[in-house]
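K.L.:
Give the three-dimensional model of this entry:
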Amino acid sequence: MTHILLAVDEDEDRARVSAEDLAELKWGDGVTVTVLHVFTDNIEGANVSQIGSAREARDILEASGIEVILDETSGSPAEEIIDYAGEEDIDIICLAGRSRTPAGKAVFGSVSQSVMLDSDIPVLFCPTSDL
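P.N.:
Residues are numbered from 1 along each chain as shown. Got it, this is the predicted structure:
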């Protein structure tokens, strides 16, 4: 069985691109995708099923016959994604990034870049340059 972690933020377009890319790959039987949203500031107590991007990814993946689990955590996104992947025995981390200049990455950081550099688990990056 292959267990994939699809990390999503609030952007529905990035979630759609990632889910479509995952759905196009030939995984065979026994693949499960956990769609994870990391809350950084959840004052209102929302849950992952209220996040449009998570629902969008779930719907696309399920329509392709892939088993989907929705989950959530809170904290620093890159750290939480890596920690979650290790705790849940994830085989592949999948995420989509947004276009940023090198200066923007230096000033604001990049979750995708941090996950790719710091994870011991393979990372599938889905570019979204066509959005």
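K.L.:
mean confidence for the helix or strand hosting Leu22?
P.N.:
Secondary structure from DSSP states H and E places Leu22 in helix 12-24. Helix 12-24 shows a mean pLDDT of 92 in the predicted model.
K.L.:
show me where this protein has helices.
P.N.:
Applying DSSP state H to the chain gives helices spanning 12-24, 52-63, 77-87, 102-108, 111-118.
K.L.:
name the helices or strands packed onto the longest one?
P.N.:
Put plainly, it is helix 12-24. Applying 3 or more C-beta pairs under 8 Å, 6 or more residues apart in numbering; DSSP states H and E, one finds that helix 12-24 contacts strand 2-8, helix 52-63, strand 92-96, strand 123-126. C-beta here means a position set from N, CA and C on the backbone, and glycine is covered the same way.
K.L.:
Make JSON lines from those and add mean pLDDT and distance to Arg14 to it.
P.N.:
Formatted as JSON lines, the helices and strands packed on helix 12-24 follow (pLDDT from 0 to 100; distance: least, C-beta to C-beta, whole Å):
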{"stretch": "strand 2-8", "mean pLDDT": "96", "distance to Arg14": "7"}
{"stretch": "helix 52-63", "mean pLDDT": "96", "distance to Arg14": "7"}
{"stretch": "strand 92-96", "mean pLDDT": "92", "distance to Arg14": "4"}
{"stretch": "strand 123-126", "mean pLDDT": "88", "distance to Arg14": "8"}
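K.L.:
any chance of the ones you listed in a markdown table, plus distance to Leu25?
P.N.:
Output for the helices and strands packed on helix 12-24, formatted as a markdown table (distance: least, C-beta to C-beta, whole Å):
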| stretch | distance to Leu25 |
| --- | --- |
| strand 2-8 | 10 |
| helix 52-63 | 11 |
| strand 92-96 | 10 |
| strand 123-126 | 9 |
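K.L.:
Mind putting these into TSV with distance to Gly30 and mean neighbour count?
P.N.:
Converted to TSV, the helices and strands packed on helix 12-24 look like this (distance: least, C-beta to C-beta, whole Å; neighbours: other C-beta atoms under 10 Å):
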stretch	distance to Gly30	mean neighbour count
strand 2-8	6	23
helix 52-63	14	19
strand 92-96	14	23
strand 123-126	18	18
